[in-house]
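Chemist: Show me how the following folds:
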Amino acid sequence: MREDSSASAVQDSSQENELGVVICKSCNEVIYTLPTNGFTKIAGVCGKAECQETSSRSGGRPV
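Modeler: Below you'll find the model as predicted:
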């Protein structure tokens with residue numbers, strides 16, 4: 001039996017969509033992406049020393 005290549009292409013592309021974005025709330029750099037069912041934006045703090053310092057001074061609140 002022959003596999004429908006268009007159906008498998010749709011499945012492959014849906015598994016590769018990384019619409020979740022984690023952005024540093026200090027420098028706005030994209031830290032990483034994650035696979036989600038829709039667009040999701042998450043704020044975090046990257047590993048840069050100045051961003052870590054800014055975050056600790058603001059008590060973890062967005063700057």
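Chemist: Going by C-alpha atoms from here, please, whenever you check contacts or count neighbours.
Modeler: Noted.
Chemist: show me where pLDDT drops low in this structure?
Modeler: 1-16, 60-63 (pLDDT under 70).
Chemist: cutoff 90 now
Modeler: 1-18, 54-63 (pLDDT under 90).
Chemist: Next, residue 26: secondary structure please.
Modeler: coil (DSSP: H, G, I helix; E, B strand; the rest coil).
Chemist: What is the burial count for it?
Modeler: Using other C-alpha atoms under 10 Å, residue 26 has 20 neighbouring residues.
Chemist: Roughly how far does it sit from residue 57?
Modeler: 12 Å (C-alpha to C-alpha, to the nearest Å).
Chemist: Next up, the contacts around the residue nearest to residue 26 when sequence neighbours are not counted.
Modeler: Nearest non-adjacent residue to residue 26, counting by C-alpha to C-alpha, 6 or more residues apart in numbering: residue 51, 5.5 Å away. Applying C-alpha atoms under 8 Å, 6 or more residues apart in numbering to residue 51 gives the contacts 26, 27, 45.
Chemist: Just the buried residues of the one helix or strand residue 51 maps to, please?
Modeler: Assigned by DSSP states H and E, residue 51 falls within helix 49-57. For helix 49-57, the neighbour count (16 or more other C-alpha atoms under 10 Å) marks 51, 54, 55 as buried.
Chemist: Just the helices from the chain, written as ranges.
Modeler: With DSSP state H, the ranges of helices along the chain come out as 5-16, 49-57.
Chemist: pull the CA atoms of the last one into CSV?
Modeler: Output of helix 49-57 as CSV, limited to C-alpha atoms (Å, rounded to 0.1, in the frame of the first residue of the first chain):
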residue,chain,number,x,y,z
ALA,A,49,25.3,39.4,33.4
GLU,A,50,23.7,42.9,32.8
CYS,A,51,20.2,41.3,32.3
GLN,A,52,20.6,39.2,35.4
GLU,A,53,21.6,42.3,37.4
THR,A,54,18.8,44.4,36.0
SER,A,55,16.3,41.7,36.8
SER,A,56,17.5,41.3,40.4
ARG,A,57,17.4,45.1,41.0
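Chemist: circling back to that earlier point, ok, now how distant is the residue nearest to residue 26 from residue 33?
Modeler: Residue 51 is 19 Å from residue 33, by C-alpha to C-alpha.
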